[in-house]
Every structure is written in structure tokens, then in C-alpha cells.
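> I need the structure of the sequence given here:
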Amino acid sequence: MEVDLHIHELVDSQQGLEDRAKLAIQLAHFDRMMDIAKREHLRRIVFIHGVGQGVLRHQIRTLLEQDHPDCSYRDADPRQYGSGATEVFIGRPQ
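Have a look, this model is predicted:
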């Protein structure tokens, strides 16, 4: 599964959204997709977060460490995603 967390993919309009509201929307979508991936017994999911200042990447990895101890992660394939994606493995270390 591949999930694009760019804000323009998640909302119809960004008008009036502050940065913290955008981040909250992105992290809520991350949580929903992790729940779906686990419920569907997926073994791997790639979250495309972009490069930017690294805030979303850092938050995703912090949440993985805190809330998903059954998961491991690494940078996704740079040939396919550049440096803007995190690959998550569910239920097994990598």
C-alpha cells in the first residue's frame, strides 16, 4: 500500500488552514491508514511525506516508535521516492 500524505491530496482546499491544522490532518490520515493496514493484515506500507523541513517525517517516525512497537521503518527506495517517503513494515523487524 502507498499513501500520499501531501496536504493537497487530503483536502479540497487549504485556504485558511494553519500549518498545525494541516499537520493534524496529515497525522490523522496516517493513523487511519495504519489502522486499515493492520486490520487488513498488510505487511508493508509506504507513506509519502515529501522532503520540506522534515516535520511530518519526524512526527510519523515518532508516532511509529511510540504507538506501533510491532512495526519497523526505514527510508523508502530513493530511486522511486527520492528522500520523501518512509517504508513501514508491520509485525516484523527489517
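> Following the chain onward from the helix or strand containing residue 31, which element is next?
Using DSSP states H and E, residue 31 sits in helix 19-39. Downstream of helix 19-39, the next assigned helix or strand under DSSP H and E is strand 44-48.
> For that following strand, name the packing helices and strands.
strand 2-4, helix 19-39, strand 85-90 (3 or more Cβ pairs under 8 Å, 6 or more residues apart in numbering; DSSP states H and E). Backbone N, C-alpha and C define where each C-beta goes, glycine included.
> mind redoing it with 6 Å?
Judged by 3 or more Cβ pairs under 6 Å, 6 or more residues apart in numbering; DSSP states H and E, the packing partners of strand 44-48 are strand 2-4, strand 85-90.
> Tell me which strands the longest one pairs with, and in which orientation.
Right, strand 85-90. Sheet partners assigned to strand 85-90 using DSSP bridges are listed as strand 44-48 (antiparallel), strand 71-75 (antiparallel).
> Of those strands, which stretch is the most buried?
Mean neighbour count (mean count of other Cβ atoms under 10 Å) peaks for strand 44-48 among the strands paired with strand 85-90, with a mean of 20.
> what's the following helix or strand after that one?
Toward the C-terminal end, the helix or strand that comes next after strand 44-48 (DSSP H and E) is helix 55-67.
> what's the angle from that following helix to helix 19-39?
With axes from the mean of the first three to the mean of the last three Cα atoms, to 10 degrees applied, the angle from helix 55-67 to helix 19-39 works out at 50 degrees.
> Dump helix 55-67 to CSV, keeping only the CA atoms.
What follows is helix 55-67, C-alpha atoms only, in CSV (Å, rounded to 0.1, in the frame of the first residue of the first chain):
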residue,chain,number,x,y,z
VAL,A,55,8.4,18.0,10.3
LEU,A,56,5.9,15.4,9.0
ARG,A,57,8.6,12.8,8.6
HIS,A,58,9.8,13.3,12.1
GLN,A,59,6.2,13.2,13.5
ILE,A,60,5.4,10.0,11.6
ARG,A,61,8.5,8.3,12.9
THR,A,62,7.9,9.4,16.4
LEU,A,63,4.3,8.0,16.3
LEU,A,64,5.6,4.7,14.9
GLU,A,65,8.1,4.4,17.7
GLN,A,66,5.5,5.4,20.4
ASP,A,67,2.3,3.8,19.2
